[in-house]
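Asks: what follows is a predicted structure for the sequence shown.
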Amino acid sequence: MRLLVVEDEQKVASFIKRGLEEAGHVVDVAHAGADGEYLALLNHYDALILDCMLPDKDGRQVCRDLRAQGVTTPALLLTARDTSADKILGFNSGADQYMSKPFDFNELLARVRSLGRQSRPPRLRTLSVADLEIDPASRGVRRGGREVSLTSKEYLLLELLARRAGQVVTRTEIMDQVWDIHHDPMTNTVDVLVKHLRDKIDRDFDRKLIHTVRGVGYTMKEE
Ligand code: CA
């Protein structure tokens, strides 16, 4: 999933980002309410994690303003206080979930997962293209019945191409889905990642599945 974390405390923000990335998500971070709101309007996220205590704008207000602008992305509010009045305020802001700090990271992960399910149809069905099989639940990949071991980014790229099999996936889409916003788009990282993925998926097979669409991007299909 692509997630946005809005939290001004750098340590907490990077702890959350790292944990979510280890669980296979792509995570952007904003350190102020207005920046978070801007990113949430600009990009498509599967879920937002908003801290209530921000220097410029309360997380609940960010959520309310986003809802007023038609952004329906599921949101989880974090707050240091755990009073019922705060909870009510939290829910009135249009947030979907509420957690008080300090929180258990596994609980945060579970809640983010459930928020993601609200914004996306279930995606646990096995995907297959020719003799390539992908199991999104376990992130297991097999080609010709043989298991293929991929890095987290290679897996994200493969799943993206397989879900859109037969269609062209642009380089911009790949950058949006596989990297966070701090990635430098001027580098040739997409090409490098595609090369590594091809080495693992196509190199040993006569039938190639990943094809370059010159000047646009890539497509996955059985020729
Ligand atoms: Ca804070």
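Replies: Sure, I can see it.
Asks: is the nearest residue to R143 once chain neighbours are set aside in a bridge, and if so with what?
Replies: Sequence neighbours aside, L132 is the residue nearest to R143 in space, at 5.0 Å (criterion: Cβ to Cβ, 6 or more residues apart in numbering). (Glycine included, C-beta is placed from N, CA and C.) Counting by DSSP bridges, L132 is bridged to V129, R143.
Asks: who's in contact with L132?
Replies: Neighbour list for L132: V141, R142, R143, A162, I201, L209 [criterion: Cβ atoms under 8 Å, 6 or more residues apart in numbering].
Asks: wait, which of the residues you listed is closest to Y155?
Replies: When the contacts of L132 are ranked by distance to Y155 (Cβ to Cβ), V141 comes first, at 7.0 Å.
Asks: doesn't E147 make contact with that closest one?
Replies: Yes: at 7.2 Å, V141 and E147 qualify as touching, with contact defined as Cβ atoms under 8 Å.
Asks: V62 - that's part of a helix, no?
Replies: Yes: V62 sits within a helix when classified using DSSP: H, G, I helix; E, B strand; the rest coil.
Asks: and for it, the neighbour number?
Replies: Using other Cβ atoms under 10 Å, V62 is surrounded by 29 other residues.
Asks: just give the number of residues close to S100.
Replies: Neighbours of S100 (other Cβ under 10 Å): 16.
Asks: correction: K221
Replies: Counted with other Cβ under 10 Å, K221 comes out at 15.
Asks: not counting sequence-adjacent ones, nearest residue to it?
Replies: Distance criterion Cβ to Cβ, 6+ apart; nearest residue to K221, sequence neighbours excluded, is G166 at 5.3 Å.
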